[in-house]
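Trainee: Predicted structure and sequence below. I'll ask about it afterward.
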Amino acid sequence: MNIAIIGTGYVGLVSGACFADTGVNVTCVDVDADKINRLQSGDIPIYEPGLDELVVKNVKAGRLKFTTELAPVLNDQDIVFSAVGTPPDEDGSADLTYVLQVASTIGKNLNKYLVVVTKSTVPVGTALKVRYTIQKELDRRGVNIKFDVASNPEFLKEGNAIKDFMSPDRVVVGVESEQAKMMLTRLYKPFLINNFRVIFMDIPSAEMTKYAANSMLATRISFMNDIANLCERIGADVNMVRQGIGADTRIGRKFLYAGCGYGGSCFPKDVKALIKTADDNGYSMEVLKAVERVNEQQKSVMFSKLEGIYGNSLKYKKISLWGLSFKPETDDMRESTALVMIQLLLDAGCNISVYDPVAMDECKRRVGDRVNYCKDMYEAVLDSDALLLLTEWKEFRLPSWEVIKKAMLRPLVIDGRNIFDGDELKSIGFEYHCIGK
């Protein structure tokens, strides 16, 4: 089977490499010539554990190719996936410019039956716009060529994307014809053989499923952060509360961790887009509006704790940040708490030292030289007035606290992810603050 994937961003490149690894012939297409040249030479432009080896392996095997032009390869394909970006507009809605540009290109060059699958996260009703755009171009050409549209949203977690793709909880596929269902069943046959769930449904339901899933997870995070903030005020421990409610099988333990807010490329964007979709259809998503509001407030909760300790004396204080990416195992800083914290600290007149295992270059691109970049976590705390943990990288879990205490001017730790043993730190002589206790 031959497929093309348009867009070599996070979703497109991971999907292309993984499909190729199941034996499919994959052509990845991107208008960015520099990115394509890098990929052809084995240079992977994004950080995702295991992805570089997978790409190199399948390029060498001849199953994975890269090009900047869709038109010359379009009619060699059985299925084309659109995995281009859908950045949020100022009003929170998803920008479908690139999705519809892909549809237009397909309509201008299509000469045989094709299944056109949207893999990008798009609002309900996008498939109809894709169908209309392709058909409009076919009508302009005066040709009658059958095609199908489908929806196949991704549920990949950054840092664990390859495992998520190859061993999925479920694969959601929205189709409108038996022929499209047959084609996509054939594509996903390796997953069916391994008894992974491939769930077929109508296209609007598939489009909605992605938004609903991410919004539910974001809701759990904001709910626990709300509970954590109340726990601090009434003397409860959110970690104990989490264990107590997580033991209820109706609730479960996942995504019940309190912290300093969620970020990334999915949750913030998808929550905003679903709120906007509801507003456009005369309905107000009150729960999700609260979820978004709580999350924005939570990103500054560590700064509030720091202010509570230092009062109006933060100017010229040296503050150390461990972790810059929005989560471990990625260099993605989109909507990260670190960006909010850095700006708040700069506005307060602080000197900032930062360290992250992989996101330093991304921070330099976004923040420039306004912070001090350190070679490791120990250099970051040298002569520091406070250490703030923002991202729960594994290497931060068991540091040498005695060394850190000697290096800091004031042994003050604010744990934004609740990963440290507060009793241990206090016994060594640290001031320790966390979320929800």
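Mentor: On my side now, so go ahead.
Trainee: what packs against the helix or strand harbouring Val271?
Mentor: Assigned by DSSP states H and E, Val271 belongs to helix 267-280. On a contact count with 3 or more CB pairs under 8 Å, 6 or more residues apart in numbering; DSSP states H and E, helix 267-280 meets helix 203-234, helix 286-298. Yep, even glycine has a C-beta here, placed from its N, CA and C like the rest.
Trainee: Let me have these in JSON lines, adding mean pLDDT, distance to Lys272 and mean neighbour count as columns.
Mentor: Output for the helices and strands packed on helix 267-280, formatted as JSON lines (pLDDT from 0 to 100; distance: least, CB to CB, whole Å; neighbours: other CB atoms under 10 Å):
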{"stretch": "helix 203-234", "mean pLDDT": "97", "distance to Lys272": "10", "mean neighbour count": "19"}
{"stretch": "helix 286-298", "mean pLDDT": "98", "distance to Lys272": "7", "mean neighbour count": "17"}
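Trainee: between those, which gets nearest to Met377?
Mentor: Relative to Met377, the nearest member of these by CB to CB is helix 286-298, separated by 23.7 Å.
Trainee: How about residues contacting the closest one?
Mentor: With CB atoms under 8 Å, 6 or more residues apart in numbering as the test, helix 286-298 has contacts from 215, 218-219, 221-223, 225-226, 229, 259-262, 268, 271-272, 274-275, 278, 337.
Trainee: Return the list of helices and strands in contact with the helix or strand following that helix.
Mentor: Next along the chain after helix 286-298, taking DSSP H and E as the criterion, comes helix 301-310. With contacts defined as 3+ CB pairs under 8 Å, 6+ apart, helix 301-310 has these neighbours: helix 337-347, strand 386-389, strand 412-415, strand 431-433.
Trainee: could you point out which element follows the helix or strand harbouring Lys57?
Mentor: Assigning secondary structure by DSSP H and E places Lys57 in helix 51-60. Next in sequence after helix 51-60, counting helices and strands by DSSP H and E, comes strand 64-67.
Trainee: Okay, buried residues for the least confident helix or strand in the chain by mean pLDDT please.
Mentor: Ranked by mean pLDDT, DSSP states H and E, the helix or strand of the chain with the weakest confidence is helix 189-193, at a mean of 82. Of all the residues in helix 189-193, those buried under the rule 16 or more other CB atoms under 10 Å are Phe191.
Trainee: Tell me which residues are up against it.
Mentor: Everything outside helix 189-193 that qualifies as a contact, by CB under 8 Å, 6+ apart, is 22-23, 168, 171, 185, 198.
Trainee: Export the helices and strands packed on helix 301-310 as JSON lines, with columns for mean neighbour count and mean pLDDT.
Mentor: Listed next are the helices and strands packed on helix 301-310 as JSON lines, based on neighbours: other CB atoms under 10 Å; pLDDT from 0 to 100:
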{"stretch": "helix 337-347", "mean neighbour count": "20", "mean pLDDT": "98"}
{"stretch": "strand 386-389", "mean neighbour count": "26", "mean pLDDT": "98"}
{"stretch": "strand 412-415", "mean neighbour count": "23", "mean pLDDT": "98"}
{"stretch": "strand 431-433", "mean neighbour count": "17", "mean pLDDT": "97"}
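Trainee: Point out the one among the ones you listed that comes closest to Ser104.
Mentor: The nearest among the helices and strands packed on helix 301-310, by CB to CB, is helix 337-347 at 34.9 Å.
Trainee: angle of the closest one against helix 301-310?
Mentor: With axes from the mean of the first three to the mean of the last three CA atoms, to 10 degrees applied, the angle from helix 337-347 to helix 301-310 works out at 40 degrees.
Trainee: Just want the angle from helix 337-347 to helix 286-298.
Mentor: Using the same axes, to 10 degrees, helix 337-347 lies at 50 degrees relative to helix 286-298.
Trainee: This completes my enquiry, with thanks.
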